[in-house]
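>>> quick one: sequence plus predicted model below, questions after.
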Amino acid sequence: MQNSASNPSQVKKASEKQKKGYNKDKANAQFVMKSYEGRELMRWVLDLCGFEYQSYVEGSFDQTAFREGKKAVGNEIFRLLNDADAPLVARMQQEHKARLNGEKPETQEVDEDKAVVE
């Protein structure tokens, strides 16, 4: 049987499969983001993607397109992290800002109930 976008039952089944996969990705992202080291790693990945930087390179369509591709990956990762746990994304951003300012960020982990572990 061939898949068809015009078959409502196939579309529903594919949508449910995709949603189930995304929910697993969100759970995995939340697990990673609960530790300081996980948030630091994810911030490093976002920086590698050029997530917050201009992608345009004057006179170089190829370099601009390449940077746009990296940035699109970073945007998807950020969306996943934010969907998984927006308060932990805010914490990640605060910790990153502290590191940039030469300050020592708080490195407390988060337990299953999102209460700070001391």
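Happy to help now that I have it.

>>> excluding covalently adjacent residues, which one is nearest to Glu106?
Glu95 (7.4 Å; CB to CB, 6 or more residues apart in numbering). C-beta here means a position set from N, CA and C on the backbone, and glycine is covered the same way.

>>> and the pLDDT at Val116?
On pLDDT, Val116 comes in at 42.

>>> got a list of what the residue nearest to Glu106 touches?
Residues in contact with Glu95 (CB atoms under 8 Å, 6 or more residues apart in numbering) are 36, 39-40, 43, 105-107.

>>> so what's Lys26 up against?
Lys26 sits next to 80, 83-84 when contact means CB under 8 Å, 6+ apart.

>>> show me the shaky parts of this protein.
Where the chain drops to pLDDT under 70, the residues are 1, 11, 107-118.

>>> need the strands for it, in chain order.
Along the chain, counting by DSSP state E, strands occupy 109-110, 116-117.

>>> hang on, Arg91 packs against Glu40?
No. In this structure Arg91 lies outside contact range of Glu40 using CB atoms under 8 Å: 11.0 Å.

>>> in helices only, show me the contacts of Lys26.
Applying DSSP state H to the contacts of Lys26, the entries found in helices are 80, 83-84.

>>> for Phe78, give its distance to Thr64.
The gap separating Phe78 from Thr64 is 20 Å, by CB to CB, to the nearest Å.

>>> so for the two, which sits in the more crowded spot?
Phe78 (18 against 15; other CB atoms under 10 Å).

>>> what about the more buried one, distance to Val45?
10 Å.

>>> how about Leu100?
From Leu100 to Val45 the distance is 16 Å (CB to CB).
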